[in-house]
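> Output the structure for:
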Amino acid sequence: MIATGRLRAGLAVSLAAATVLVTACGGPAVPPRSAGAGVPLTTTPAPASSGAPTPSRTPALTATPRPTPTPTPAATSSPSALGPAEGAVTVLTFRGYAEYGGSDPRANWVVPFERETGCRVNLRFPQTPGDMDKAVDQIRHDVVSAPPEVAGRLIAEGKVVPINTALVPHYDDLAERLRTRRSVAAGGRVYGVPYLWGSYVTLYDATGKRAMKGRDLFTDAGPAMFRDSPLTIADAALALARQRPALGIDDPFQLTRAQLDAVMSFLAGPDDGERLYWKEPIEALQALAGGTARIGRALPYHLDMLRRADRAVKAVPDEATTGFVDAWMVSARATAPNCAYRWLDYMSSKSAQREAAAWTGLAPANPDACERRTARVCSAYRLDDDAWLKKIEFAVRPGVDCPRGERCTDYAEWTARWRALVD
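You can find the predicted model right below:
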C-alpha cells in the first residue's frame with residue numbers, strides 16, 4: 001500500500017508538466033476544494049493588479065491581510081428583515097471559491113460584491129475539508145462554505161442558524177434537488193444555501209485490453225487511486241451494495257457496524273493490490289495523465305481535460321456514484337448577519353456562480369449560470385440529464401441514527417477506520 005506522502009513524492013517530478021497540461025485545457029491549475037500541502041489557514045492579501053494564476057498549494061503570502069471587523073452582538077436566530085450593512089463580513093471558504101483578483105485579475109467576483117453592497121470581505125482560507133472542520137471552531141466568522149462532512153456537525157451542534165430564504169432572492173433560482181439535500185436542511189428548516197457541487201467518476205487507462213467496470217476499482221490489482229477521505233468509504237459501500245444486496249445497504253452514508261466491516265474489507269482490495277491516495281485533485285489528474293494509476297476516482301471535469309489533452313482515458317459508464325454539495329451557512333456567532341445575507345444572495349446569483357464554476361471546474365448550483373463560459377463544466381457534470389443526476393448519492397456526515405431504528409456508525413468511526421486503512 002502506498003501512502004499519500006509517497007504518492008506526492010512520486011508525482012513531484014511531473015508537477016510542472018501537469019500544471020501546464022491543466023492550464024492549457026482551460027481550467028484552474030489546482031482545483032480548490034483540497035488546496036494543498038502548506039499552512040492550514042491563509043488570509044486574503046490585497047488584490048493584485050496583474051499576474052498569472054498561482055497554484056493554491058503555494059502558501060506564501062506577503063501582502064497585508066484585510067482587517068477583521070469589530071465584533072458586535074452575535075446573531076442568535078433568523079432575521080425577519082435585513083438591516084443596514086455592517087461594513088465588513090468575514091468569510092471562511094476554500095481558496096478558489098471566492099476570488100478577488102489576487103490569483104488572476106480575470107477571476108474576481110468578490111470586489112463587485114463589495115462595491116454593490118458596501119460590505120468589505122475578509123477571506124479566511126482553510127486548505128482542506130479537515131482543516132475546515134477545525135477552523136469553524138477556531139476562527140471567528142460570519143459565513144462559511146461548508147462541505148457536507150462539516151455541515152452536518154455544524155447543524156447538529158447549533159453552530160449555524162436557520163436561514164430565512166425570503167431574504168435570499170436568488171435562492172429559488174438554485175436547483176431544487178440541491179436545496180433539499182440532508183446536508184443543508186434538517187427538521188423542516190434550511191441551514192445551507194447550495195453553492196458548488198461535484199460528483200465522482202471512475203476513470204481508467206483505455207490502452208488496456210478490456211473495458212473496466214466500477215468494481216474493478218476495488219478488486220483489480222491496480223495501481224488504483226482513491227480520494228484520501230473517510231467519505232471514500234461510501235464509494236465502496238455503493239459498489240458493494242450492488243454485489244451483495246443481502247447486506248441491506250440502502251444508503252452508502254448510513255452503515256451499521258456489520259456493514260462497515262464488510263465495506264472496509266472490500267475497500268482494502270486484493271492482497272497484491274496497489275493503492276494510491278490523493279488529497280489534491282491535481283494529484284489524481286497527474287496520476288491518470290502520466291500512467292501512475294491505471295484506474296481511479298476523479299471529477300468529471302478531469303475527464304474532459306484529459307480528453308482535450310488527447311490522453312487515452314475512459315470513464316466507467318453510468319453507474320450510480322457519490323457526490324457533494326458545498327453550501328453557504330451563517331454562523332450562530334455572526335457579527336455581521338446583514339452582510340452575511342447579502343453574501344448568500346450574491347453568491348447564489350448566476351453571475352457569481354458562473355465565475356466560480358468557470359474558475360474551479362465544479363458545477364454551479366444555479367443552472368442559469370450554465371452559459372458560454374461554463375458550457376464545458378456544465379456538460380461534464382451532465383446538468384441537463386435528469387436521469388443521470390438521480391443516480392448521484394450526495395454526501396451527508398454519517399451519524400449514529402439509522403432509518404430503521406438501528407444504530408449506525410458515525411463519522412468519527414469512519415475517520416478512525418479510514419486512517420487505519422491508509423496510514
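> okay, CA-based contacts and neighbour counts for the rest of this
OK.
> I282 versus the closest residue to R182 other than its chain neighbours, what's the distance?
Distances taken as C-alpha to C-alpha, 6 or more residues apart in numbering place V396 nearest to R182, at 6.5 Å, with adjacent residues excluded. Distance, V396 to I282, using C-alpha to C-alpha, to the nearest Å: 24 Å.
> P223 reaches T292, doesn't it?
Yes: in this structure, P223 is within contact of T292 by C-alpha atoms under 8 Å, at 7.2 Å.
> In the chain, where's the longest strand?
strand 321-330 (DSSP state E).
> quick one: average pLDDT of the following helix or strand past that one?
Remark: after strand 321-330, the chain's next helix or strand is helix 337-348, criterion DSSP states H and E. If you average the pLDDT over helix 337-348, you get 98.
> other SSEs contacting the helix or strand that helix 337-348 is followed by?
Remark: after helix 337-348, the chain's next helix or strand is helix 350-360, criterion DSSP H and E. Helices and strands touching helix 350-360, by 3 or more C-alpha pairs under 8 Å, 6 or more residues apart in numbering; DSSP states H and E, are strand 193-199, strand 363-364.
> Recalculate using a threshold of 6 Å.
Packed against helix 350-360 by the contact rule (3 or more C-alpha pairs under 6 Å, 6 or more residues apart in numbering; DSSP states H and E) you find strand 363-364.
> Next, the residues that contact the strand it packs on from outside, please.
196-198, 353, 357 (C-alpha atoms under 6 Å, 6 or more residues apart in numbering).
> and with 7 Å instead?
Here strand 363-364 makes contact (C-alpha atoms under 7 Å, 6 or more residues apart in numbering) with 195-198, 353-354, 357, 377-378, 381.
> Among those, find me the one that's closest to E371.
For the contacts of strand 363-364, the minimum distance to E371 (C-alpha to C-alpha) is 7.5 Å, reached by R354.
> can you pull the pLDDT of that closest one?
Listed pLDDT for R354 reads 97.
> Skipping adjacent residues, who's closest to it in space?
Spatially, and ignoring its direct neighbours in sequence, R354 is nearest to A369 (4.6 Å; C-alpha to C-alpha, 6+ apart).
> Mind exporting the C-alpha coordinates of stretch 189-204 to CSV?
Coordinates of the C-alpha atoms in stretch 189-204 are reproduced here as CSV (Å, rounded to 0.1, in the frame of the first residue of the first chain):
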residue,chain,number,x,y,z
ARG,A,189,-35.6,24.2,8.2
VAL,A,190,-33.0,25.4,5.8
TYR,A,191,-29.4,25.8,7.1
GLY,A,192,-27.4,26.0,3.9
VAL,A,193,-27.6,27.7,0.5
PRO,A,194,-26.0,25.4,-2.1
TYR,A,195,-23.1,26.9,-4.0
LEU,A,196,-20.8,24.5,-5.9
TRP,A,197,-21.2,20.8,-6.2
GLY,A,198,-19.5,17.8,-7.8
SER,A,199,-19.8,14.1,-8.4
TYR,A,200,-17.2,11.4,-8.8
VAL,A,201,-16.4,9.2,-11.7
THR,A,202,-14.2,6.2,-12.1
LEU,A,203,-11.6,6.7,-14.8
TYR,A,204,-9.2,4.2,-16.3
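> centre of the chain versus that stretch, how much separation?
Computed by C-alpha atoms, centre = their mean, to the nearest Å, the chain-centroid distance of stretch 189-204 equals 7 Å.
> which of the residues in stretch 174-182 are buried?
Residues of stretch 174-182 classed as buried by neighbour count (16 or more other C-alpha atoms under 10 Å): 174, 178-182.
> If S199 is in a bridge, with which residues?
Here S199 sits in beta bridges with G323, as judged by DSSP bridges.
> which stretches of this structure have low pLDDT?
Flagging of the chain using pLDDT under 70 yields the residue ranges 1-77.
> Show me it divided up by domain.
Domains of the chain are assigned by automatic domain parsing as 33-194+325-375, 199-323+389-422.
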